[in-house]
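A.B. asks: following is a predicted model, sequence given first.
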Amino acid sequence: MAFKRQSKIADAIVVGGGVVGAAIGYGLAKHGMRPIIFDGGDQAIRASRVNFGLVWILDKGDGMPAYGFWTRQSIELWTSFSDELKSLTGINTQYVKSGGLSYCLSESEYNKKAEMLNRMCSQSDTNPYESRMIDRLELKHLMPSIQLGPDVLGAAYGPHDGHVSPLNLLHALHAGLNQLKADYRPNCPVTKITPLEGGFEIQTSDETVFTPKVILAAGHGITPLMKPLGFDIEIIAERGQIMVTERVKSIGLLPGNGVRQTAEGTILIGSTNEMVGFDVSTTAEAGASMVSRALRVLPSLSDLRINRTWAGIRTLTQDDCPVYEQSKLYPGAFLATCHSGVTLAAVHAEKLATAIFIGALNDDITPFHSDRFKKNKSSHQIKEPH
């Protein structure tokens with residue numbers, strides 16, 4: 001029989017050590033707190049497994065302008081955030097603000113994308129996107145060494161988009177937590193959270209910790225923990241499949257929807273958006289579809305070998321936008337969930353962590369409260385893969 005250790009006290013507890021939880025914990029530690037970050041094991045459902053590595057604003061916020069501005073804030077912080085992590089840990093996130101593309105392979109796709117950009121730009125007095133449609137000729141000018149397939153008519157171009165290594169980012173955040181004296185604990189999932197006077201009792205399989213502040217940031221892992229704290233949101237599982245090729249020298253490719261070259265030289269091909277519950281199987285049909293579209297963009301990919309294909313489960317909300325809130329019943333309990341943890345890592349580590357440290361979510365963050373789902377029935381938007 002395992003005995004629990006005597007209860008201890010922590011400045012704050014972050015439930016979840018993925019990109020979202022690690023970024024928040026890192027930000028709290030920068031404020032001088034000594035948070036404990038409880039993380040699951042290798043079998044935990046991790047959205048990072050299916051991350052495409054895009055730091056992206058191009059399609060964020062259709063119907064919710066606040067999401068576009070929140071994403072733009074994160075992108076404006078990303079260079080200094082990446083530099084800070086490298087200075088502190090020696091780990092290069094490989095972040096590049098290169099501009100990004102969403103390819104259009106038919107007139108219908110081009111017109112639909114143009115309508116989306118016009119709609120998003122018109123939803124606010126200030127345009128956070130600065131995106132535009134470009135034709136095939138301008139695409140060739142942007143990427144002179146790339147031989148595009150004949151079906152490529154043009155693309156939506158986002159000057160503020162870019163890409164990063166998600167694995168390096170997570171590694172750097174964990175190393176940063178260690179440097180800032182935070183306590184990151186892998187293979188230690190939280191089993192129960194009990195509100196008490198002045199704070200919360202956090203239980204794991206072998207210890208109990210008391211804290212005045214707890215942050216739920218474990219993606220699908222927060223579902224069994226949220227209701228006792230007064231949270232009630234639906235977290236949706238979406239499967240994504242990705243392929244990766246052998247390494248080749250840089251081909252001068254801007255990151256885009258479905259095709260990206262990593263700093264190591266591999267080509268990522270993806271991805272799918274499948275509502276199949278928590279099934280992380282890969283399928284031949286999805287692979288064939290991804291490869292077919294990628295070859296229509298870059299026919300030269302036919303010369304490369306596919307080294308690996310895998311699938312993971314994304315964390316979505318009803319409108320694909322983040323949810324951040326503090327419990328109305330139990331102040332000091334916060335929830336943070338989103339599907340764009342890599343893009344938003346910089347603003348999570350800076351502005352969201354600061355708001356949680358202070359104990360009040362400011363005007364930039366309040367639009368993301370789950371009360372919006374009660375006021376408006378939001379349709380499920382189609383987004384680009386990440």
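C.D. replies: Arrived safely, thanks for sending.

A.B. asks: run a quick neighbour tally on the residue lying closest to residue 239 once chain neighbours are set aside.
C.D. replies: Leaving aside its sequence neighbours, residue 239 sits nearest to residue 274 (Cβ to Cβ, 6 or more residues apart in numbering; 4.2 Å). To be clear about C-beta, it is placed using only N, CA and C from the backbone, and glycine gets the same treatment. When counting by other Cβ atoms under 10 Å, one arrives at 17 neighbours for residue 274.

A.B. asks: residue ranges for the helices of the stretch 51-200 of the chain, please.
C.D. replies: Here the stretch 51-200 of the chain has its helices, by DSSP state H, counting those that start in this stretch, at 65-89, 107-122, 136-142, 166-179.

A.B. asks: residues in contact with the shortest one?
C.D. replies: This points to helix 136-142. 99, 101, 134, 146, 148, 152-155, 157, 254 (Cβ atoms under 8 Å, 6 or more residues apart in numbering).

A.B. asks: may I see the buried residues of it?
C.D. replies: 139, 142 (16 or more other Cβ atoms under 10 Å).

A.B. asks: and residue 329, which of the three is it?
C.D. replies: The three-state assignment at residue 329 reads coil, by DSSP: H, G, I helix; E, B strand; the rest coil.

A.B. asks: pretty sure it sits against residue 228.
C.D. replies: No - with contact defined as Cβ atoms under 8 Å, residue 329 does not reach residue 228; the gap is 9.5 Å.

A.B. asks: more crowded one of these two?
C.D. replies: residue 228 (16 against 10).

A.B. asks: tell me the phi and psi of the more buried one?
C.D. replies: phi -60, psi -20 (degrees, to the nearest 10).

A.B. asks: so who does it touch?
C.D. replies: Residue 228 neighbours (Cβ under 8 Å, 6+ apart): 193-195.

A.B. asks: scan the residues you listed and report the most crowded one.
C.D. replies: For those, neighbours tallied by other Cβ under 10 Å; top is residue 193, 23 neighbours.

A.B. asks: quick check, that residue in contact with residue 214.
C.D. replies: Yes - proximity of residue 193 to residue 214 meets the contact threshold set by Cβ under 8 Å, at 6.3 Å.

A.B. asks: need the residues touching each of the two.
C.D. replies: Taking Cβ under 8 Å, 6+ apart as the contact rule, the neighbours common to residue 193 and residue 214 are 15, 200, 202, 229, 333.

A.B. asks: need the residues touching each of residue 329 and residue 228.
C.D. replies: With Cβ under 8 Å, 6+ apart as the test, residue 329 and residue 228 both reach residue 195.

A.B. asks: neighbours of residue 299, how many?
C.D. replies: 14.

A.B. asks: distance of it from residue 144?
C.D. replies: Distance, residue 299 to residue 144, by Cβ to Cβ, to the nearest Å: 17 Å.

A.B. asks: could you do residue 372 as well?
C.D. replies: 45 Å.

A.B. asks: ok, residue 215 next?
C.D. replies: In this structure, residue 215 and residue 144 are 47 Å apart, going by Cβ to Cβ.

A.B. asks: when these two are compared, which one has more neighbours?
C.D. replies: A direct count of neighbours by other Cβ under 10 Å for residue 215 and residue 144 places residue 215 higher, at 29 against 7.

A.B. asks: relative to residue 197, how far out is the more buried one?
C.D. replies: 20 Å.

A.B. asks: residue 220 against residue 313, yeah?
C.D. replies: Yes - with contact defined as Cβ under 8 Å, residue 220 reaches residue 313; the gap is 6.9 Å.

A.B. asks: which one of those two has more residues nearby?
C.D. replies: Using other Cβ under 10 Å as the criterion, residue 220 and residue 313 rank with residue 313 on top: 23 against 19.

A.B. asks: tell me if I am right that the more buried one is in a strand.
C.D. replies: Yes - judged by three-state DSSP, residue 313 forms part of a strand.

A.B. asks: report pLDDT for it.
C.D. replies: Here, the pLDDT recorded for residue 313 equals 93.

A.B. asks: that one is in contact with residue 239, isn't it?
C.D. replies: Yes - Residue 313 lies in contact with residue 239 (Cβ under 8 Å); the separation is 5.9 Å.

A.B. asks: any common contacting residues for these two?
C.D. replies: Common contacts of residue 313 and residue 239 (Cβ under 8 Å, 6+ apart): 50, 280.

A.B. asks: rewinding a little: between the helices of the stretch 51-200 of the chain, which gets nearest to residue 350?
C.D. replies: Nearest of the helices of the stretch 51-200 of the chain to residue 350, taken as Cβ to Cβ: helix 65-89 at 5.6 Å.

A.B. asks: buried residues in that closest one?
C.D. replies: By 16+ other Cβ under 10 Å, the buried positions in helix 65-89 come out as 65-75, 77-78, 81-82, 84-86, 88-89.
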